[in-house]
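Visitor: attaching a predicted model along with its sequence, questions to come.
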Amino acid sequence: MPDGYQAVLIGLLPVLVAQSLGFSYRIKRVVLVAFISIILFFDAMLTLGDTDELILFLPFFTLMLIIVVAYALLFFQQVHERLKTQNFLRDLQEAHKKVEELTLSNERQRMARDLHDTLAQGVAGLIMQLEAADAHMAQGRMERTQEIIKQSMKQARTTLAEARRAIDNLRAKSASEIDFREAVDDEVQHFTEATGIAVATYLKLDKRLSRMVMEHSLHIVKECLTNIARHAKADKVWVTLSDQRGLLFMEIRDNGSGFNTDAIGKDAGHYGLLGLQERVRLIGGEMKVRSSSAGTSIQIEVLFTEGESI
């Protein structure tokens, strides 16, 4: 097209440069295509035209090339940002699904702990008291049997109240304030009355515990005493709670027969110590379990948050 080559060169070569952006985001390749296009432009102009036409059409070609390249760069930048946004939304959806799965898993674990700490522990305590009542009845100690039965009735009411409170806590996060020292003393007294095992307590708390730490610590004490009554075959227990060096220190120790610490969490149906580990983790503490034929010791340390003196 001797009379139309100028329009072809001015319109086609910039489009080729723009198309090169669609195949590659690498600047070097685009520059190479643009450089080849410019060489073809000069070659065609000098072959089919003359110097005057080259001088006339060169500014038009340059302007067209700049406009096309600028538009192409802007277009593909928008496409790239859109792809980034889509990838970000996809990652956000995946993260949201993982958060939902973790939330559901944590809620299931919390419900399992609450059921274990209310129904399982309460029923286990009732069984111990009824077994004690049966033993006294077999020996003709009716007065002592009646006392234990009355304690069992009281324990049954307490278990029912705790079960209802656990259900209420699942529905709402509100709960009444508890007196930690009094609650620990009550648990120790119930344990002694049900088992006849002597308990030496040492409670020295000068700082106010948070609601979360108090609840989990009380459940930890209850679980430890329940395990001792069911498995330890001990006749002496030591319960220590104190705050020292910015730490809440808890130790529940007995002189029982001990157990294999490597089997924690592996025996089906025995999840007491596993629940203890979960509770200690939730309050940011560390737990050490030592057990031998001379007895078992469970030590827990929790870092204190700022609190008021009590």
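Guide: Perfect, I can see it now. Numbering: from 1, shown residues only.
Visitor: strands of this protein, start to end?
Guide: With DSSP state E, the ranges of strands along the chain come out as 198-204, 236-244, 247-254, 285-292, 295-303.
Visitor: in TSV: these, plus distance to Leu92 and mean neighbour count.
Guide: Glycine gets a C-beta too; all of them are placed from N, C-alpha and C. Output for those, formatted as TSV (distance: least, Cβ to Cβ, whole Å; neighbours: other Cβ atoms under 10 Å):
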stretch	distance to Leu92	mean neighbour count
strand 198-204	49	13
strand 236-244	43	17
strand 247-254	39	20
strand 285-292	34	15
strand 295-303	33	19
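Visitor: select, out of those strands, the one closest to Thr85.
Guide: Smallest distance to Thr85 across the strands of the chain (Cβ to Cβ): 41.8 Å, for strand 295-303.
Visitor: count of residues packed around Met214?
Guide: By other Cβ atoms under 10 Å, 18 other residues sit near Met214.
Visitor: out of the strands of the chain, nearest to Ile67?
Guide: The closest of the strands of the chain to Ile67 is strand 295-303. By Cβ to Cβ, the value is 65.1 Å.
Visitor: what strands line up against the closest one, and which way round?
Guide: strand 247-254 (antiparallel), strand 285-292 (antiparallel) (DSSP bridges).
Visitor: and the ones you listed: which comes nearest Gln121?
Guide: Using Cβ to Cβ, the nearest of these to Gln121 is strand 247-254, at 14.4 Å.
Visitor: quick one: contacts of the closest one?
Guide: When contacts are defined by Cβ atoms under 8 Å, 6 or more residues apart in numbering, strand 247-254 is touched by residues 205, 209, 213, 217, 220-221, 224-225, 228, 232, 234, 236-243, 285, 295-304.
Visitor: that one vs strand 198-204, what angle?
Guide: Here strand 247-254 points in a direction 170 degrees away from that of strand 198-204 (axes from the mean of the first three to the mean of the last three Cα atoms, to 10 degrees).
Visitor: dump strand 247-254 to CSV, restricted to CA.
Guide: Extracted in CSV, the C-alpha atoms of strand 247-254 (Å, rounded to 0.1, in the frame of the first residue of the first chain):
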residue,chain,number,x,y,z
LEU,A,247,3.4,-15.8,90.0
LEU,A,248,0.4,-17.7,91.3
PHE,A,249,1.8,-21.0,92.5
MET,A,250,-0.5,-24.1,93.0
GLU,A,251,0.6,-27.5,94.2
ILE,A,252,-1.6,-30.5,95.0
ARG,A,253,0.4,-33.4,96.4
ASP,A,254,-0.4,-36.8,97.8
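Visitor: before we move on, the earlier item: reformat the strands of the chain as JSON lines; add distance to Leu130.
Guide: As requested, the strands of the chain are exported to JSON lines (distance: least, Cβ to Cβ, whole Å):
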{"stretch": "strand 198-204", "distance to Leu130": "21"}
{"stretch": "strand 236-244", "distance to Leu130": "21"}
{"stretch": "strand 247-254", "distance to Leu130": "23"}
{"stretch": "strand 285-292", "distance to Leu130": "28"}
{"stretch": "strand 295-303", "distance to Leu130": "25"}
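Visitor: among those, which comes closest to Arg141?
Guide: Among the strands of the chain, strand 198-204 comes nearest to Arg141, with 19.7 Å by Cβ to Cβ.
Visitor: which neighbouring elements make contact with the closest one?
Guide: Applying 3 or more Cβ pairs under 8 Å, 6 or more residues apart in numbering; DSSP states H and E, one finds that strand 198-204 contacts helix 180-195, strand 236-244.
Visitor: tell me the mean pLDDT over it?
Guide: Across strand 198-204, the average pLDDT comes to 92.
Visitor: okay, angle between that strand and strand 236-244 too, please.
Guide: The directions of strand 198-204 and strand 236-244 differ by 0 degrees, with the same axes, to 10 degrees as the criterion.
Visitor: name the surrounding residues that touch strand 198-204.
Guide: Residues contacting strand 198-204 (Cβ under 8 Å, 6+ apart): 181, 184-185, 188, 191-192, 235-243.
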